[in-house]
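Novice: The sequence isn't on hand, but the structure is:
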């Protein structure tokens, strides 16, 4: 597999007398004669002071640059975009969140292919950075390593010793809004939560989407060991970046490319690991998209099949007690991967960006301390939180092409209730905060799908409002949109087909009975067949929520949620 040509792409751009103009341009940005003989390695970051998830990524890119240059390459830095879900959540701006995943992928692919880079280090912080980078790496198929920007530390109230035993994060603020609406928090108390929940740099602290995807990418083999479980502000993360830079040069020598690593078996490893960790529903959407870009056949039913044999073992937020920073203290995700490997639940022969197999890289990993005497974050297999996956693939007359439920069992496994229908997130949030939603209701939020939004917004504000009003055990919420990794409760999203494309969620009426069964994996509106057929025949979907600009282009090209909401599937 070893290659003598580590400059397969850059040599086309800079070698020969006819390439003097290109070399002249590069001399202006600091290239010396000897640099033209080195492999050119792009460093794709998204540094920005618009979100704590990315505020430190410029510094991390500098460390990756050092690692590349010291290993004999020539690093070239460039930036892509980011948006902040935590800031845009609950507004029309959130329509751009999932769209940004594809903008990130397209922009990285564009720069690397246009400039002839031989390899790449991609650094991501906020949620869509990770899958955006990975889609690009899969499309380009040039030696590459992904680096996670790292998790945030929990926020603590400085004046209350008891509160310090209840670490906060962004979800704490969203849920505080619900408590404030209920009258449980004063204006001053809400402001206290707002001030102290987010202490600095790093991605949201629970097993939300960022930490889920970082874990998935490490289990895929595309990050260095331990990259997913490091705090953003620590020295280990800086060293991770330097090592990643050096690793790309080794991958060039080995001629080991992303598609050699991201095989069908590797995706199964990622799914298994993240289901055991209690990962976000967005895991499904994003892994489907990455697999599509890597030409790996993966469907939502694979998550169902794998999930039936994977127990939920991690007591992590949003439904559990602990943050990622706590998991880091007991060893991160690698002891979990070793547990799964030892039980034959991971494919040990899958390659990683170290050049080693998964089994080789886990060989010396020590187990977690004993449960529950020394740690109570990760449970043993004979004491799971849930015996099978919390991510349920549901079908029924409300979701003929599939839906995704996030149901841990803490909120029960069956819900039957009365539909409260809202045409969009804003109306739903107003209704919940106003007290319109009561125990026994199923909140239906529609026209929020990939086309209808457009952009498939996350419903963190409504689910947090339900939790803040104390109804988390008594209300279900279903949508053709998505859920944040921070959402918890009896939630079902990704309902396909979506309302805007004629999906039956569009025919649900106020007061209908809706049944969700997480054992039988069904979701249905309880009306007779004749009524169902008559409503479907009369239904006139709204179509795309936007016809112009990037949202209009997205709506015109995006595939369904059950297909990963990719934008190049049906071209």
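Specialist: It's in. Computed from a predicted model, the values in this text were never measured in an experiment.
Novice: Where does the prediction get shaky in the chain?
Specialist: Counting by pLDDT under 70, the low-confidence segments of the chain come to 1-4, 160-165.
Novice: middle-most residue in it, spatially?
Specialist: Centroid-nearest residue in the chain: residue 209, 3.6 Å away (criterion: C-alpha atoms, centre = their mean).
Novice: Next, give phi and psi for that one.
Specialist: phi -70, psi -40 (degrees, to the nearest 10).
Novice: doesn't residue 280 make contact with it?
Specialist: Yes. Look at residue 209 against residue 280 with C-beta atoms under 8 Å: they come within range, at 4.4 Å. Where C-beta positions appear, they are placed from N, C-alpha and C, glycine not excepted.
Novice: shared neighbours of these two, anything?
Specialist: 484-485 (C-beta atoms under 8 Å, 6 or more residues apart in numbering).
Novice: can you list the residues that contact the helix or strand hosting residue 41?
Specialist: Here residue 41 sits within strand 40-45, counting by DSSP states H and E. With C-beta under 8 Å, 6+ apart as the test, strand 40-45 has contacts from 7, 9-10, 13, 57-58, 60-61, 64-65, 68, 73-80, 108, 111-112, 115-123, 133, 136, 245, 248-249.
Novice: Now intersect those residues with the helices, please.
Specialist: 10, 13, 57-58, 60-61, 64-65, 68, 108, 111-112, 115, 133, 136, 245, 248-249 (DSSP state H).
Novice: what residues are up against residue 271?
Specialist: Counted by C-beta under 8 Å, 6+ apart, residue 271 has contacts 216, 283, 287, 302-303, 306-307, 310.
Novice: on that earlier part again, distance of the residue nearest to the centre of the chain relative to residue 318?
Specialist: Applying C-beta to C-beta, to the nearest Å, the value for residue 209 to residue 318 is 11 Å.
Novice: what do those two both touch?
Specialist: residue 485.
Novice: Across the sheet, point out what pairs with residue 378.
Specialist: residue 314 (DSSP bridges).
Novice: Just give me the neighbour total for it.
Specialist: 23 (other C-beta atoms under 10 Å).
Novice: Looks like it contacts residue 330 (just checking).
Specialist: Yes. In this structure, residue 378 is within contact of residue 330 by C-beta under 8 Å, at 7.1 Å.
Novice: Secondary structure element holding the closest residue to residue 185 other than its chain neighbours?
Specialist: Once flanking residues are discounted, residue 185 sits nearest to residue 179: 4.6 Å by C-beta to C-beta, 6 or more residues apart in numbering. For residue 179, the host element (DSSP H and E) is helix 170-182.
Novice: domain parsing for the protein?
Specialist: 10-153+202-362, 171-196, 391-563 (automatic domain parsing).
Novice: Throw the ones you listed into CSV and include distance to residue 383, thanks.
Specialist: Converted to CSV, these look like this (distance: least, C-beta to C-beta, whole Å):
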stretch, distance to residue 383
domain 10-153+202-362, 9
domain 171-196, 26
domain 391-563, 14
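Novice: Please name whichever of these is nearest to residue 569.
Specialist: Of all the domains of the chain, domain 391-563 sits nearest to residue 569, with 4.3 Å by C-beta to C-beta.
Novice: Tell me how far residue 116 lies from residue 13.
Specialist: 4 Å.
Novice: What of residue 191?
Specialist: Per C-beta to C-beta, residue 191 is found 54 Å from residue 13.
Novice: Looking at those two, which is more packed in?
Specialist: It is residue 13, of residue 191 and residue 13, that has more neighbours when counted by other C-beta under 10 Å, with 19 against 13.
Novice: got a list of what that one touches?
Specialist: 19, 22, 40, 115-116.
Novice: now with 10 Å?
Specialist: The contact partners of residue 13, by C-beta atoms under 10 Å, 6 or more residues apart in numbering, come to 7, 19, 22-23, 26, 36, 40, 114-118.
Novice: residue boundaries of the strands in the stretch 301-450 of the chain?
Specialist: Counting by DSSP state E, counting those that start in this stretch, the stretch 301-450 of the chain has strands at residues 391-396, 399-406, 414-422, 441-445.
Novice: picking that back up, just give me how far the helix holding residue 179 sits from the chain centre.
Specialist: Remark: helix 170-182 is offset 23 Å from the chain centroid, using C-alpha atoms, centre = their mean, to the nearest Å.
Novice: Residue 424: how many residues sit nearby?
Specialist: By other C-beta under 10 Å, the residues close to residue 424 number 18.
Novice: from memory it sits against residue 461, does it?
Specialist: No. Using C-beta atoms under 10 Å as the test, residue 424 is too far from residue 461 to be in contact (11.8 Å).
Novice: Now do the shared contacts for those two.
Specialist: In contact with both residue 424 and residue 461: no residue, using C-beta under 10 Å, 6+ apart.
Novice: Give me the distance between the residue nearest to residue 8 when sequence neighbours are not counted and residue 19.
Specialist: Excluding the flanking residues, the one nearest residue 8 by C-beta to C-beta, 6+ apart is residue 118, at 6.1 Å. Going from residue 118 to residue 19 by C-beta to C-beta gives 15 Å.
Novice: And those two? Which one has more around it.
Specialist: residue 118 (25 against 15).
Novice: got the contact list for that one?
Specialist: Counting by C-beta under 10 Å, 6+ apart, residue 118 has contacts 5-11, 13, 38-42, 73-74, 112, 142-143, 248-249, 252.
Novice: before we move on, which element is the residue nearest to residue 544 when sequence neighbours are not counted in?
Specialist: Setting aside the residues directly before and after it, residue 544 is nearest to residue 555 in space (C-beta to C-beta, 6+ apart), at 3.8 Å. Using DSSP H and E, residue 555 sits in helix 549-557.
Novice: And that helix, what does it pack against?
Specialist: helix 95-115 (3 or more C-beta pairs under 10 Å, 6 or more residues apart in numbering; DSSP states H and E).
Novice: angle of the helix it packs on against helix 549-557?
Specialist: 90 degrees (axes from the mean of the first three to the mean of the last three C-alpha atoms, to 10 degrees).
Novice: now the angle from helix 95-115 to strand 40-45?
Specialist: 170 degrees.
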